[in-house]
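Chemist: using only what follows, build the 3D model:
(2 chains)
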There are 2 protein chains.
Amino acid sequence: MKERDISFMQKAIRLARKGAGSVSPNPLVGAVVVKNNKIISEGFHRKAGLAHGEAEALDKAGLYAQKATLYVNLEPCCYFGRTPPCVDKIIKAGIKRVVIGTKDPNPKVDGRSIRKLRDHKIEVTNGVCREEAKKINEVFFKNMKERLPFVVAKTAQTLDGKIATSLGQSKWITTDKSRKFSRKLRDRYDAVLIGAKTLREDNPKLNGLKKKPYKVIISSSLDLPKNSYILKNFADKTIIFTLSKLKTKGDLPGPVKIFTLKKIKKGISLKQVLKKLYSYGIMSVFVEGGSYTLGRFFEEKMVDKVYFFIAPKICGGKNSITSVGATGVKKIEKCLRIQKLKIKKIGEDILIRGYLR
Amino acid sequence: MKERDISFMQKAIRLARKGAGSVSPNPLVGAVVVKNNKIISEGFHRKAGLAHGEAEALDKAGLYAQKATLYVNLEPCCYFGRTPPCVDKIIKAGIKRVVIGTKDPNPKVDGRSIRKLRDHKIEVTNGVCREEAKKINEVFFKNMKERLPFVVAKTAQTLDGKIATSLGQSKWITTDKSRKFSRKLRDRYDAVLIGAKTLREDNPKLNGLKKKPYKVIISSSLDLPKNSYILKNFADKTIIFTLSKLKTKGDLPGPVKIFTLKKIKKGISLKQVLKKLYSYGIMSVFVEGGSYTLGRFFEEKMVDKVYFFIAPKICGGKNSITSVGATGVKKIEKCLRIQKLKIKKIGEDILIRGYLR
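Modeler: The predicted model follows:
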């Protein structure tokens, strides 16, 4: 019984993942309806605004859902959003048992649906594949817990921690394969964030393989190259944070969004940036540098997850550019620790991933 | 037949390894004598000056060696050194067949023993487990090929490539386990090398777990802390390279060896350092930093192998100390590439090893 639950839940999780990159600000949800140990229907949340995963699976099952078991990676919702509450649909469909991966951390749900199902004499098993169920929705969990976007810091460095030579030359440190992997990561997140210097020096596109995420630029002075690729082509998807009080946008294209923040000791408060982005509906931010910007994110302890692509090369140089710059810690014991470390080879390169809290 | 050869050769290689750290300037050699598919005796080279591996195994086998097969990881010697030539001993013992891992690169041997054995109607199979046989004697192969010590560069850094904070604080980046592993590595090599700054700031012991290797210090100015641990306790094992022409040693203890080199553009020529060490009988050097010294070794392309211990921590900081300093390359395509990369977890830390050519 236990093993079957795990196997059906894993199926639900696999389905949920299919929505990755499309469902924000919603969580990823996959569901399977099972009767006599056979899957009779499946569903997943495809896009914000469309049906939730459970709703899709139940609609497909129709009357066959009666006395069936529903597997879903996240506790169903119990409130009216852009779609009606799934919990009512489950009750109405005549489901006998609901197996859940993890409780919905949304304060509007937070166990309420589980209680409601039980009140309706539906058997509920919660916590099957909990770790995995939480992990696929790590963005959503952060959002619900802290009302801030999930922040991913990414860098591509040499083994000795350099992202450019002392002359600023940086192309290319990692291989095509790593860079493609990195573009694929952009598909997962709502926005890509860089500092003004990276915009000036690299003139990047910041697109994913499939998606064109929002582009966020941190620029204290608002001194930006107007003919950069993203300002010319993606002005409507560009958000700039600045300290500059110039009310005119200068020559910046009309659709660009500019937020002027109050100066803190170190310049721009990244917590303020993240709060603004969250209120703007951006649930996850992929921070791609450069050195100073990444350094500031670590200093403000605003990073949730890291992706370090490491090329097996030695650059050397006291004045070469380090992957994580800014001020840094004063004592080694104050270093930020990376947990749940995973190491993977990507072609010739090494990818080190992990979490910061 | 082939499989048996491989299995007996692997046994010989395992025996050879037992001499690691003790046989310099000789190669590691292990040997087994096999008759009717059974090992009748084993031997390995234990220490420079003592019997070679083949000699030990043949002595143990005595008359039983007649018509037996001898497995040895390196071509036997054919000249009088501190012991008589092994090839003659093999012929005299009545060995029928000799299986060799790899040819001896020593210009005094270089296939001569193989020819001599064949001339005496002894069947010779060369190249069984050749890669492994070469690898265990990587120090010896470099020595014979270039008449220079084998150079290993080691560092212990944060994930972002720092070995100390901007205040110079560096204790400890990696865990006890990594540091113990690193001390064990010192047992393998003839000398440990550091820059004067590391001597001043860390006052290290530079000992292995079992061995007290030579301690080499690079100090342009000869301005060294006289009461440092190694100058006080290991003066007889300390070698200093300097540009200072002060003929007096100042307060440096008597047994310390000082070599004054001619200044090149970048200060001290590391090639000159290595040549001197080689002529002094030091066949391998474990370079432990700091930042500048490691940087210089890479710049001069004098490194054969690297050990990067990486702690899963972020230090950050433009002015933190980088693992590989000095000037560095000007263009990314000039980075030194690390080959035959191996990645290993040591407790919480990551060890990345590889070769430079």
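Chemist: and the residue nearest to residue A:37 when sequence neighbours are not counted, helix, strand or coil?
Modeler: Nearest residue to residue A:37 in three dimensions, chain neighbours excluded: residue A:4, at 6.5 Å (CB to CB, 6 or more residues apart in numbering or on different chains). For the C-beta atoms, the positions are set from N, CA and C on the backbone; glycine is no exception. Secondary structure for residue A:4, judged by DSSP: H, G, I helix; E, B strand; the rest coil, is helix.
Chemist: pLDDT value on residue A:4, please?
Modeler: With respect to pLDDT, residue A:4 has a value of 94.
Chemist: what do you get for residue A:245?
Modeler: 79.
Chemist: for it, give me its contacts.
Modeler: When contacts are counted by CB atoms under 8 Å, 6 or more residues apart in numbering or on different chains, residue A:245 touches residue A:260.
Chemist: same thing with the one 10 residues further on?
Modeler: By CB under 8 Å, 6+ apart, the residues touching residue A:255 are A:235, A:236, A:238.
Chemist: quick one: it from residue A:195, how far?
Modeler: 21 Å (CB to CB, to the nearest Å).
Chemist: now swap in residue A:180 and tell me
Modeler: On the measure of CB to CB, residue A:180 and residue A:195 end up 23 Å apart.
Chemist: the two: who's more crowded?
Modeler: residue A:195 (23 against 13; other CB atoms under 10 Å in any protein chain shown).
Chemist: the spatially closest residue to that one that is not a sequence neighbour: which element?
Modeler: Leaving aside its sequence neighbours, residue A:195 sits nearest to residue A:293 (CB to CB, 6+ apart; 3.6 Å). Here residue A:293, judged by DSSP states H and E, is contained in helix A:291-299.
Chemist: tell me what that helix is packed against?
Modeler: strand A:150-158, strand A:191-195, helix A:196-202, strand A:284-287 (3 or more CB pairs under 8 Å, 6 or more residues apart in numbering or on different chains; DSSP states H and E).
Chemist: which is the next helix or strand following that helix?
Modeler: strand A:305-311.
Chemist: show the subsequent helix or strand relative to that following strand.
Modeler: strand A:313-314.
Chemist: check which helices and strands that following strand sits against.
Modeler: Where contact means 3+ CB pairs under 8 Å, 6+ apart, strand A:313-314 is packed against strand B:336-337.
Chemist: show me what the strand it packs on is packed against.
Modeler: strand A:313-314.
Chemist: neighbouring strands - and their directions - for the strand it packs on?
Modeler: Its sheet considered, strand A:313-314 pairs with strand B:336-337 (antiparallel) by DSSP bridges.
Chemist: show residues contacting the strand it pairs with.
Modeler: Against strand B:336-337 from outside (CB under 8 Å, 6+ apart): A:312, A:313, A:314, A:316, B:298, B:301, B:303, B:329, B:356.
Chemist: from residue A:154, how far off is the second one?
Modeler: So the one you mean is residue A:313. Counting by CB to CB - residue A:313 and residue A:154 are separated by 18 Å.
Chemist: show me what contacts the spatially closest residue to residue A:232 that is not a sequence neighbour?
Modeler: Computed as CB to CB, 6+ apart, the closest residue to residue A:232 that is not its neighbour in sequence is residue A:253, at 7.5 Å. Contacts for residue A:253 (CB under 8 Å, 6+ apart) come out as A:226, A:231, A:232, A:235.
Chemist: how near is residue A:287 to chain B?
Modeler: Residue A:287 is 13 Å from chain B, where distance means CB to the nearest CB, to the nearest Å.
Chemist: brain fart, residue A:322
Modeler: 6 Å.
Chemist: my guess is that residue meets residue B:321, correct?
Modeler: No: contact criterion CB atoms under 8 Å: residue A:322 and residue B:321 do not qualify, at 10.2 Å.
Chemist: overlap in contacts of these two?
Modeler: residue B:162.
Chemist: so what's the residue of the stretch 51-200 of chain A found nearest chain B up against?
Modeler: Residue nearest to chain B within the stretch 51-200 of chain A: residue A:161 (1.6 Å; CB to the nearest CB). Each residue near residue A:161 by CB under 8 Å, 6+ apart is listed here: A:322, A:323, A:324, B:157, B:158, B:159, B:160, B:161, B:162, B:322, B:323.
Chemist: pick the one among those closest to residue A:123.
Modeler: residue B:159 (46.5 Å; CB to CB).
Chemist: for that closest one, give me phi and psi.
Modeler: Backbone torsions for residue B:159, taken as degrees, to the nearest 10, come to phi -60, psi -30.
Chemist: please report how far it lies from chain A.
Modeler: Applying CB to the nearest CB to residue B:159 and chain A gives a distance of 6 Å.
Chemist: if we can go back for a sec, chain center to the helix holding residue A:293: distance?
Modeler: 19 Å (CA atoms, centre = their mean, to the nearest Å).
Chemist: who touches the residue nearest to residue A:103 when sequence neighbours are not counted in this structure?
Modeler: Distances taken as CB to CB, 6+ apart put residue A:75 closest to residue A:103, at 5.0 Å, once the chain neighbours are dropped. Going by CB under 8 Å, 6+ apart, residue A:75 touches A:100, A:102, A:103, A:104, A:109, A:111, A:113, A:114, A:126.
Chemist: thinking again about what came up before, for the contacts of strand B:336-337, work out which two are farthest apart.
Modeler: Pairwise over those, using CB to CB, the maximum falls at A:312 and B:301, 16.2 Å.
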